[in-house]
Structure formats: C-alpha cells, structure tokens
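Engineer: model this:
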Amino acid sequence: MSIRIGIDVGGTFTDFLVIYPDGSRRIHKTSSVPSDPPQAVLNGLRELAELERTPIEEFVDRIGLIVHGTTVTTNALLTRRGPKTAMLVTEGFRDVLPMRHGTREDGYDNHLAMPEPLAPRHLRLPIRGRMDYKGSEVTPLDEDGVRAAAKVLREEGVQALAISFMHSHANGAHERRAAEILGEALPDVYLTESAELLGQARYYERSSAAVLNSYAGPIISSYLATLTGILEEVRFGGLLLMMQSNGGVATPAELARRAALSLLSGPASGPTAGLLVTAEHGWDSCLTVDMGGTSFDAAAVKGGKPLVMTDGSIDRWSLALPSVDIHTIGAGGGSIASVDEGGLLSVGPQSAGAVPGPACYGRGGERATTTDADVVLGYLDPDSFLNGQMSLDKQAAEGAIRRHVAEPLGISVVEAAAGIYEMVNVSMASGVRDITVRRGLDPRDFPIVVAGGAGPVHAAAIAGELDIPVLITPRDSSIFCAAGMLVCDFKHDYVQSANDRLDTLDLTGLLRTWKTMAEEGRATLHGEGVGDDAIAFEPSLDLRYKGQWYELNIPLDEAMLIAPDAAAIAAAFHAEHELLFGYHSDEMPIDVLNVRLSAVGRTSDERMDLSSEVPVDKPERPARRAIWSPAQKAMVEVDVHQGTAMGPNARVSGPAVIELGTTTIVVLDQYDCVVDRSGSFVMYLRDRAAEIEARLNL
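Structural biologist: Numbers count the residues shown, from 1 in each chain. Below is the predicted model:
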C-alpha cells in the first residue's frame, strides 16, 4: 500500500490530507500562490517531506495517488484573464450569446448591464449552412467560408474556439466537418464542438457551454501540463486524478477535453464527504457548508446523493453541464468589511485573499476582514493559529477595524467587529436558504456538516439564523474538501435531446439511447483503469408539463435501463413538481426534452476509509479567555478546550471554544457539544437535547 493525498487549492490556502498505509493521517496547509497555483502544490509537498525529515523525491516516491481540485479556471473566468476566444455560429445567429433567451435576467431591473461575452462580436463569425430541428440538411455547409474564417482567426491570434451551429444536437455533421477543417488550419487552437460537449436542444445553452469550455480549455491544459511537469521533476510515478464539477473524478486528459467541468471542481467533493460524516448517525441527507479564506460554499445531499443541477450558471453565463448544486458567495475569512457613504456596513464579496491577506496576517493588508473580526472577538487565538505555525497580530486587526468600520460608524472596535461577524453570518445563512428552499426543502430537516478553516467559527451562528438544531464538525474540517476528494468516484455524464411526449415515447428507442451512452461511458472508464465490476449507470430524464418554459431533471432507478416504466417515470415527475412548486397535474401531458446517463466508476475500497484517529478522552483543566457572546451582547469569559485531546463522549456546554489546531469551533450560548465515536464534534440545541441525543444515540 502507498500514501494517498487529497489536495485542494483555494484562494487563500492550499489544503493537504495525507493518509499513510497504516491508516494514520496528516493535515497540512500552505499559502496559495495566486500568480502560480501549481507552485503551492510543490511547496506543500516539500513542506510535508521536511516534516518527515526525508528528501522530497523519497517522500513523493511513496505516493500512489493524488486527487486534486483547483479553482484556477474559475478565477481566470471571473477576472477575465483567459485566452482570446472565438466562435463559429450559424449565419444569422451571430448574437446568440448576448440575446440569450430573448429575455432579461431580471425583468424588473432596467439598469442591469449584460456581461461582456467571452467571445467578442468581431470574433463570432457566421457560417452558411443549416440543419432543421429533425437533423435534416437544409443548406450545405460552406466549407470555403470555414477556411476563410480560419484565416481571420489565425490573423487575430485566437487561442480558443467554439463551434456551435443550429440544431447540431440533432445532427452534428456540419460541426464535425468544420472541426476537421479548423483542426488542420489551426492545430494549436483549443477547439470545442457544442454537440459533442452538450448534445441537447436550446441553442443558447449549448453555445454558452461550448464557449465556456473553450475559454477554460487552454487554462486547465496549461495548469495540468505545469502540474504534471512539477510532479515528474520530483519523480511522482503514481496516479493523478482531478476533481470535476459533477462530483466525480477524472484523469487529467479527460478533464482537459471537457474543461468546463473544472469550473466548479474545488468544492464539489464536500457533499460526498458529508455523507460519510452523517452516516454514523443514520442520516442519508445533510447540508454541507465550507467557509474558507475567500468564499463560502453551501450544498445539499438528499437520499444518499449530492443534489445535481443541469441548469447552472457561472459569471451569469449558462453552464448546462451536470454539476453539483453548490451555492457560492464571496464570504470568507478574507472578506473585506467596509462602510459606504450612506453609513451602511457590508462584508465582501471583495477579499484580501492570500496576498496581502487580512490585516492580522502581518503581510501588508490594511483593510478590515472577517478574520480580523474573529481575532478581536476572541474566537481565534493569535498565538495558536494553524497549530502555531503562523501568529496573528491582534493590534493590527483592531487598527484596521477602527479605521475602516468603527470610526465611520461611531461605535467601539468590539461592536464593529461584532457587526462584521453578524453581517457575514446573515449572508451565509441566505446562501444555505438558496440551496434548500429553492428546491422545496426545509433546512431545519437537515444536519449541517461544517467544513473549512473558518466554518466552525461561524457555523453555530448560521444554524441559529436558520433554526437548524444539529451541526457536525469533522476533526478534519479545515481540509474537508481535500478529504472528500479521496472518496469520490469516477463520473462521466452523457445527454441526448429527445423532444417527445412521455405517453407516446418509444421505450425501445429510449433503451437504445441509454445503451449507446453506456457503451461510451464504459469505454471511457476502461481507459481510466476501471473494471466492469466497478461500473454503474445512473439514468435520468429532463421532463416538463407541455407548454412549460422550464424542465426538471428526474433521476431514475438503474432498473429502468432494463425495463423502463412510463407510469413510474410520470409518478416521479409529479412528486418532484409537487415538492418544488406545491402542485402537480396528473392530466397534463409530459414532454421529454433530454435523455441523460451518468457512468460511475467506483474507486477502490482502499480509498474509502477516511475515519479519524480518535484520542482516548483525557479531561484536563481548560484555559480561559474572553469571547463575544451574541446572546449576551458582551465579551464573556469562557472555557477554551483542546479538541485534539477530546475523545468519544467528551462534552462541552456553551458558551465555549474548542481549538483543533487548524480550526476553531465556537460553541454559542444555546448549544452543547459532544464528541461522537468517529471523533466528530456534534453540536446541538440545548433545549432539544433529549430528542436529539436519542436520535444520535449519544
């Protein structure tokens, strides 16, 4: 057996979870390098080798698996630091991107400016040629026009190109031929065919996904080339896998081909890891929240699977590829607090990031941030931050809050810090509502699994806003996504447009479509080293009532791949519609828009054990320090417990603080906290203790 490592590159810190052959583990964090993200991976590996007092080559030689997630493409998209991107479109549809569906995002906002397309208008080139909606050729492809376009794109220095023709989902022959011509003329340009990436109807969604894929392609390809080069230099000979937005892993080559799946890869492993934490207590559903240095991510797991969306967006552009439904807001430890001209306090979305970071980091940051507020409020100990590897400057934090928040508002520094704390908590609670209420779910029915270095500091306050009674903080909370990456399966998604009625659907044809998708998925998984006995398929259909504007993705049992049952499919759709919108119509015809299939390759059992080493509980006299109590609106003296010494059944009553080295759990006044058998910290409302303890078998 060999070492396995999960690596999550965030905006402020890069997280490592190392699992050794004997089951022991090491948590490590190093500062991210925004200007050169792969460098943080190398820095972390060097630091891990130094901790073991061994040359890096010897340490890396013992590594059999690295699973890696990154936000490099997301950050490049949001900051528009990507490649020069062009697009070939059907003649007459040059403005498909800015026109979208022909409606405004917000029908009541007359001042809302549309984002600038990633492919500017002068690089969206129209090509003569047309298929009809059934896939029959109406006008032949103008191949000379494609060659002329290639000449223009070469002169413009284009680095990425998307081809999106009308009705290519029904017949992609024109896109394929155009790609052949362009591949010969522009061999170094990253190229995406819209129908090959997303074979479904709706021209805008398909076009947007293709452009996003091409925009992300050179970025992730360059990143992976640099990363693999770095690993080769230190003699890494194991398996490298990358996290995808759909919650699965893939080889670097597959991710480079479908680059848009890297756009939300960073937090996508959290929901899968959350299930492992709640399973001990009999829950197959939970909410996961992850608060790091730059952002806050919230997701929901229901019925043993993370909720997946097929109508997502990023930077206000449609991304219709299946992705874990994660709501991300700019609320992290580095989120900057400011007071506007009207005297209103806001926190984020701007972040101090890793450089210069919060004022208390002592790296030149001068703005007040969430972390500075946490230091002033006593939640973070300046001398024990990151296991004492980094000290925090409380005076700098106080100075920044005084200048930028307290004095403009005419209040004390502590009151200003409390305002920052409460403001960011309200924002994050709103994010949790978005991923639950929007899907017809009541957040009070779910436990929260808390992740991120800053998450446990704020989680109890977030739960209080939502009246959620139970929170579970894993011992490895600060590197939770890195841990989750080690338990995610291979996953690849396929879609084909249907455009039929459910009651007249050709079920034999449906089976043929699923079989074709399954064969493609099986071949891809075989190429990634997955055997047939580890492959499973997850079918689903996109359905809507006839005449509706929107559709719902309805997951189906794998038995449907053998004997599809139209009545059972209709019943599942009616139930989901009732849940989301409060009604259903048995008499209404149901349209089938898209047929989908996910091919899942189970990872080896070796990768499934993420249980923490739990110490034998050794009660000791806790330290004391003053923290801000939101309930009492004052600084109060509380016990400070060393979580690393707390074993199963150890109990703490709030208000209190539990320090874990790389994170801190704040137990607010109305909560109690107990350590469960796996070493996780279960916090629950004291006035519901009897009910909850019976449910948790504590």
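Engineer: Going by C-alpha atoms from here, please, whenever you check contacts or count neighbours.
Structural biologist: Noted.
Engineer: what are the phi and psi values for residue 296?
Structural biologist: For residue 296, the backbone dihedrals (degrees, to the nearest 10) come out as phi -120, psi 130.
Engineer: So for it, what's the pLDDT?
Structural biologist: Here, the pLDDT recorded for residue 296 equals 86.
Engineer: likewise residue 441?
Structural biologist: pLDDT, residue 441: 89.
Engineer: before we move on, what about residue 456?
Structural biologist: With respect to pLDDT, residue 456 scores 94.
Engineer: So it is in contact with residue 662, correct?
Structural biologist: No - Residue 456 lies out of contact with residue 662 (CA atoms under 8 Å); the separation is 10.7 Å.
Engineer: Between the two, point out the one with more neighbours.
Structural biologist: Neighbours were counted for residue 456 and for residue 662 using other CA atoms under 10 Å; residue 456 has more, 27 against 22.
Engineer: roughly how far apart are the more buried one and residue 509?
Structural biologist: Distance, residue 456 to residue 509, by CA to CA, to the nearest Å: 51 Å.
Engineer: Please apply the same query to residue 316.
Structural biologist: Going from residue 316 to residue 509 by CA to CA gives 36 Å.
Engineer: residue ranges with poor pLDDT in this structure?
Structural biologist: By pLDDT under 70, the low-scoring segments of the chain are 1, 354, 388, 604-619, 697-698.
Engineer: and residue 278, how many residues sit next to it?
Structural biologist: Using other CA under 10 Å, residue 278 is surrounded by 21 other residues.
Engineer: Can you name the element that comes right after the host helix or strand of it?
Structural biologist: In this structure, residue 278 is located in helix 270-279 according to DSSP states H and E. Following helix 270-279 in sequence order, the next helix or strand is strand 286-291 (DSSP H and E).
Engineer: Restricting to C-alpha, output that next one in PDB.
Structural biologist: Output of strand 286-291 as PDB, limited to C-alpha atoms (Å, rounded to 0.1, in the frame of the first residue of the first chain):
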ATOM      1  CA  CYS A 286     -27.400  16.700   5.100                       C
ATOM      2  CA  LEU A 287     -26.300  20.200   4.300                       C
ATOM      3  CA  THR A 288     -22.600  21.000   3.900                       C
ATOM      4  CA  VAL A 289     -21.100  24.400   4.400                       C
ATOM      5  CA  ASP A 290     -17.500  25.300   3.700                       C
ATOM      6  CA  MET A 291     -16.100  28.600   4.700                       C
END
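Engineer: Where do the strands of the stretch 351-500 of the chain begin and end?
Structural biologist: With strands called from DSSP state E, counting those that start in this stretch, the stretch 351-500 of the chain shows them at 448-451, 470-473, 490-501.
Engineer: Deepest-packed of those strands, please.
Structural biologist: strand 448-451 (a mean of 31; mean count of other CA atoms under 10 Å).
Engineer: Skip the chain neighbours and tell me the closest residue to residue 26.
Structural biologist: In space, and not counting its chain neighbours, residue 26 is closest to residue 18: 5.0 Å by CA to CA, 6 or more residues apart in numbering.
Engineer: The one you found: neighbour count?
Structural biologist: Residue 18 has 22 neighbouring residues, counting by other CA under 10 Å.
Engineer: and what of the one 4 residues further on?
Structural biologist: Around residue 22 there are 9 other residues, counting by other CA under 10 Å.
Engineer: Kindly report the same for residue 445.
Structural biologist: Applying other CA under 10 Å, we find 14 residues neighbouring residue 445.
Engineer: Which residue, other than its chain neighbours, is closest to it?
Structural biologist: residue 468 (7.5 Å).
Engineer: What distance do you get for that neighbour to residue 274?
Structural biologist: To residue 274, residue 468 is 16 Å away according to CA to CA.
Engineer: who's in contact with residue 132?
Structural biologist: Neighbour list for residue 132: 138, 166, 167 [criterion: CA atoms under 8 Å, 6 or more residues apart in numbering].
Engineer: can you do 10 Å?
Structural biologist: With contact set as CA atoms under 10 Å, 6 or more residues apart in numbering, residue 132 has these partners: 138, 139, 166, 167, 168, 170, 171.
Engineer: For the strands of the stretch 351-500 of the chain, give me TSV that also has distance to residue 205.
Structural biologist: As requested, those are exported to TSV (distance: least, CA to CA, whole Å):
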stretch	distance to residue 205
strand 448-451	33
strand 470-473	38
strand 490-501	13
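Engineer: Of the ones you listed, which is nearest residue 649?
Structural biologist: Closest to residue 649 of the strands of the stretch 351-500 of the chain, according to CA to CA: strand 470-473, at 14.0 Å.
Engineer: who does that closest one pair up with?
Structural biologist: Next to strand 470-473 in the sheet, as set by DSSP bridges, lie strand 448-451 (parallel), strand 681-685 (antiparallel).
Engineer: right, and residue 483 touches residue 477 too?
Structural biologist: Yes - using CA atoms under 10 Å, residue 483 is in contact with residue 477, at 8.9 Å.
Engineer: and residue 665, how many residues sit next to it?
Structural biologist: Around residue 665 there are 29 other residues, counting by other CA under 10 Å.
Engineer: do you know how far it is from residue 457?
Structural biologist: For residue 665, the distance to residue 457 equals 5 Å [CA to CA].
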